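[1] Sequence first, then the predicted structure:
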Amino acid sequence: MRARRLSSPSVPKPRATVQSVEKALRLLQALDRHGRWIGVRELARQLELSPPATHNLLKTLQAASFVESNPASRQYRLGLAAVRLGAGSDPLQHMRRFARPYLETLAEKSDETIVVLAWQQDHAVVVDWIQAGHTLAVTHHHGVVDHPIVFASGRVLLAHQDREVQLRHLRGVDYASLRPNGPRNPDDAVALLGRVAAEGCAVTENVARSGVVAVGAPVFEATGRLLFAVGCSAPLTRIDPPRLVHLRERLLEITSEMTQKLRARHSGRSEEI
């Protein structure tokens, strides 16, 4: 019997894998530089790849949530997984990038001032805001919010913190300055925050004689952790009960859409919410 030489099992060539990774990284960098929705052909031109190869890369990255698509325009931008990788450098910037299109929609539907607050290092911080175009409109400023319990969005933010965090913050509040329509003491504030968490939104009216009516609602990550709170506010003179109901419904509609989007990304579903 003639002896036969056994062939070694084939081993994938590493070079092809390395090239694919390099192309994927270049694609992500191009999306990051662009910062907005972009089409396959334009990406392919920038990367000097064929449109089919670019499209295949996009679909692979989309399946892992590094890229998201807009079926209506057939365009792409960075996805949540890519955003999370860079969150250590500037988490507010990435929150702002995700939230901005929704804020613009809400501002258009409500015709009032919109703000996003996040909890960072024991402080409520303004992530982004859009001021209404009215002559008389509520304004905000970027940076730390000194008294979040005054704001509907601030109450939502506090309502979803651990009790220890809540109490640490509430002990330093000057409750006399919140009259009228504000909590009277820490126990009253804790009870108020419990109601906000249970109801899924907050409404404030003329707290500390601000002359402002506001509604706030939460946006949650797929894990159930609060990502940020969105608020819609207007001068008291422009709001009646039907108008307040309208603002609340539009706000809950948008914040629910944002939460569902985050859940869909986490689960790997590719369709647009």
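    Done, it's in. Numbers count the residues shown, from 1 in each chain.
[2] Could you check which helix or strand contains V213?
    Element membership of V213 [criterion: DSSP states H and E] is strand 212-220.
[3] I'd like to know which elements that strand is packed against.
    helix 152-159, strand 202-205, strand 226-235, helix 241-267 (3 or more CB pairs under 8 Å, 6 or more residues apart in numbering; DSSP states H and E). Glycine gets a C-beta too; all of them are placed from N, C-alpha and C.
[4] tell me the average confidence for the longest one?
    For helix 241-267, the mean pLDDT works out to 92.
[5] that older thread, please identify the most buried of the helices and strands packed on strand 212-220.
    Comparing these by mean neighbour count (mean count of other CB atoms under 10 Å), helix 152-159 ranks first with a mean of 28.
[6] separation between the one residue sitting closest to the centre of the chain and P91?
    Centroid-nearest residue in the chain: A99, 4.3 Å away (criterion: CA atoms, centre = their mean). Separation of A99 from P91 (CB to CB, to the nearest Å) stands at 12 Å.
[7] For A64, which non-adjacent residue is closest in space?
    Excluding the flanking residues, the one nearest A64 by CB to CB, 6 or more residues apart in numbering is A81, at 6.0 Å.
[8] The helix or strand where the one you found lies: what's the following helix or strand?
    Per DSSP H and E, A81 falls inside helix 80-85. Using DSSP H and E, the helix or strand that follows helix 80-85 in sequence is helix 91-110.
[9] What is that following helix packed up against?
    So helix 91-110, by 3+ CB pairs under 8 Å, 6+ apart, packs with helix 80-85, strand 113-120, strand 123-130, strand 226-235, helix 241-267.
[10] of all those, which lies closest to E164?
    Closest approach to E164 among the helices and strands packed on helix 91-110 (CB to CB): strand 113-120, 13.3 Å.
[11] Backbone dihedrals for D162, please?
    phi -60, psi 150 (degrees, to the nearest 10).
[12] Let me see the confidence value for it.
    For D162, the model assigns a pLDDT of 91.
[13] and it, how many neighbours does it have?
    Neighbourhood size, D162 [other CB atoms under 10 Å]: 8.
[14] Could you shift the numbering so residue one becomes 41, and keep it that way?
    Will do, 41 is the new start, and the previous item becomes D202.
[15] any weak-confidence spans in this protein?
    Residues of the chain that meet the criterion pLDDT under 70 lie in 41-56, 75, 123-130, 306-313.
[16] Can you give me the domain boundaries for the protein?
    As given by automatic domain parsing, the domain ranges for the chain are 54-124, 129-307.
[17] Of the ones you listed, flag the one that's most buried.
    When the domains of the chain are compared using mean count of other CB under 10 Å, domain 129-307 is most buried, at a mean of 18.
[18] Would you quantify the distance from the residue nearest to the centre of the chain to T295?
    Using CB to CB, A139 is found at 10 Å from T295.
[19] Overlap in contacts, those two.
    Counting by CB atoms under 8 Å, 6 or more residues apart in numbering, the contacts common to A139 and T295 are 259, 270.
[20] I'd like the helices and strands packed on strand 252-260 as CSV, with distance to S60 appended.
    Formatted as CSV, those follow (distance: least, CB to CB, whole Å):
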stretch, distance to S60
helix 192-199, 42
strand 242-245, 48
strand 266-275, 32
helix 281-307, 23
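[21] between the ones you listed, which one is nearest to L98?
    L98 lies closest to helix 281-307 among the helices and strands packed on strand 252-260, at 15.0 Å (CB to CB).
[22] Quick one: list the elements packing against the closest one.
    Helix 281-307 packs on helix 120-125, helix 131-150, strand 252-260, strand 266-275, going by 3+ CB pairs under 8 Å, 6+ apart.
[23] switch the cut-off to 7 Å
    Contact here means 3 or more CB pairs under 7 Å, 6 or more residues apart in numbering; DSSP states H and E; on that basis helix 281-307 packs against helix 131-150, strand 252-260, strand 266-275.
[24] could you redo these as a markdown table and give each row distance to R211?
    Output for the helices and strands packed on helix 281-307, formatted as a markdown table (distance: least, CB to CB, whole Å):
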| stretch | distance to R211 |
| --- | --- |
| helix 131-150 | 26 |
| strand 252-260 | 22 |
| strand 266-275 | 21 |
